[in-house]
Structure formats: C-alpha cells, structure tokens
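Chemist: My questions are about this predicted structure, shown below with the sequence.
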Amino acid sequence: MTPTTLLQQVLETHFNWHGARLNFLAHFLVALYRVKTVNLVELASAFGGQASSESHYKRLQRFFRSFELDYTAFAQVVVNLIGLKERWVLTLDRTQWQFGKQTFNILMLGVAHQGIAFPLLCTLLPKQGNSKTQERTDLIQRLLDIFPVSRIAYLTADREFLGKQWFIYLLKQPLSFRIRIRHSDTLSNGRGKAIAERSAVSGFTTQSDQSLTQTSSFVGTMVVCSRNAP
C-alpha cells in the first residue's frame, strides 16, 4: 500500500469529502513532504501516476482557485491527528511574505507539540507590520468557539504581542498566558519604584527557574518575571 493510499484512508475518517478530492489532498500532502516547497511546478512533478506534470499543475491551480477550506474542520482535524493527551500550549505568531508586489501578512494561532507549532487558525492581515489588538482577540475567540478552554494550559507569544488593551483583554479571559516582554519595559518593584525588566531579572542565570513577582507598569496587575520558565 502506497503512502498516498494510507494517507487517504486516514483523511477519510476526518473529512466528509468526495473520494476524488481526498485522493488529490493525499497526493498534495505527500508531494509537499517530498519537495518541501509550495512552488506548484515542483509540487506537480512530485505527484506521480499516469498523468503528466502539466495535468497535475492545472489540477493544483483549479483546487486553490475554487476550493473554500472549512478552517473549523481543519483545526479539529489537526488536533485529532496530533492526538494530544496533555493540555495544550497555544502559540501566537505572525509571518510576513513578499511575493512580487504582493505582501502576505499572516497572524497564526497554533498548538505546540514535540517542539513544533502546528497551525490551527489564521488571519490574513490587510496591511504590513504588527497586528492590532482586535485582530488578535478575534482570532483567539474563533478558537474558543471551537474548543473548550479547559483543554488549554496557556497561551505563549513573543515580544511583538504587547500593549495595554491586549493585556487587559487577556486578563479578562479564563486563559493563562506567558508572553515575553522587552528588556526596556518598565515594571514596578511593589513599592512604587519603576525598574527596567533587565534589572528585575539581572540576578537570574540562564539555567535558573527562579521567578520574581512584580507589578506591571502598563496594566497595574501582578506578573511573574522569570528566565527559562518551566
């Protein structure tokens, strides 16, 4: 039995699609794994079978031109295929690609598993640069509309995802979060004195699991500053 046939059998248990479409998706995923590129010409050459590469190329074009993916179903399939038993660590990230004169700026929400962030939901931003608070909160709400918050351990994000309104939103959700802050960000030491983040963690070693509780200067709530947090 070929890898494509095996994959199609797995996909049949998750997608209520026509057999021809499932067969195409299985071929596409196997080709994607083989050539490790999204270039349609190279993908078409890795499809194999009786048809020509040109025929596979046109088939790829038709699929991406006309097919609307159900992203809710996609997220559920990803979770089922990974088979997560522990509570999830969500990852929020953004990637920006340039294709000719066209910019693709994608805000992505994924789940971490064995060192890899598997994409669950995304938003195509209508601009270059960082996302807005509303765009982030809409994406998280889409996820919470699909999956119960009890399955989530916490949300992680890099220093790009900061801002007062953003943190106010997170603090109102039944969702824990661990977000990196910049060295230049200012905290309160609990006695009303402002100190830089680098000063708050200056005594920590890179192997340390120490933590220090401080009051955040931008939302006025207690936060934990640590390095190498478990």
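Modeler: On my side now, so go ahead.

Chemist: residues making contact with stretch 131-145?
Modeler: Around stretch 131-145, the neighbours that count as contacts under C-beta atoms under 8 Å, 6 or more residues apart in numbering are 75, 90, 92, 94, 107, 109, 120-123, 125, 155, 161, 163, 165-166, 169, 173, 175. Heads up, the C-betas are built off the backbone N, CA and C, glycines and all.

Chemist: just stretch 103-115 next, same as before
Modeler: Outside of stretch 103-115, the residues that reach it under the criterion C-beta under 8 Å, 6+ apart are 78-79, 82, 84, 88-98, 117-125, 127-129, 131, 135-136, 139-140, 143, 156.

Chemist: which among those end up buried?
Modeler: Neighbour-count burial (16 or more other C-beta atoms under 10 Å) applied to the contacts of stretch 103-115 gives 78-79, 84, 88-94, 117-123, 125, 131, 136, 139-140, 143, 156.

Chemist: can you tell me which of those are in helices?
Modeler: Secondary-structure check on these using DSSP state H: residues within helices are 78-79, 136, 139-140, 143.

Chemist: what does the domain assignment say about the protein?
Modeler: In terms of domains, the chain is parsed into 3-68, 87-180, 182-230 (source: automatic domain parsing).

Chemist: Mean pLDDT for those domains - can I get that in JSON lines?
Modeler: Compiled in JSON lines, the domains of the chain are given as follows (pLDDT from 0 to 100):
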{"stretch": "domain 3-68", "mean pLDDT": "91"}
{"stretch": "domain 87-180", "mean pLDDT": "92"}
{"stretch": "domain 182-230", "mean pLDDT": "52"}
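
Chemist: three-state assignment of His14?
Modeler: Secondary structure assignment for His14 (DSSP: H, G, I helix; E, B strand; the rest coil): coil.

Chemist: what's the neighbour count on it?
Modeler: Around His14 sit 15 other residues, with neighbours defined as other C-beta atoms under 10 Å.

Chemist: That one and Trp88, how far apart?
Modeler: The span separating His14 from Trp88 equals 18 Å under the rule C-beta to C-beta, to the nearest Å.

Chemist: cool, and Thr13?
Modeler: Here Thr13 is placed at a distance of 22 Å from Trp88 (C-beta to C-beta).
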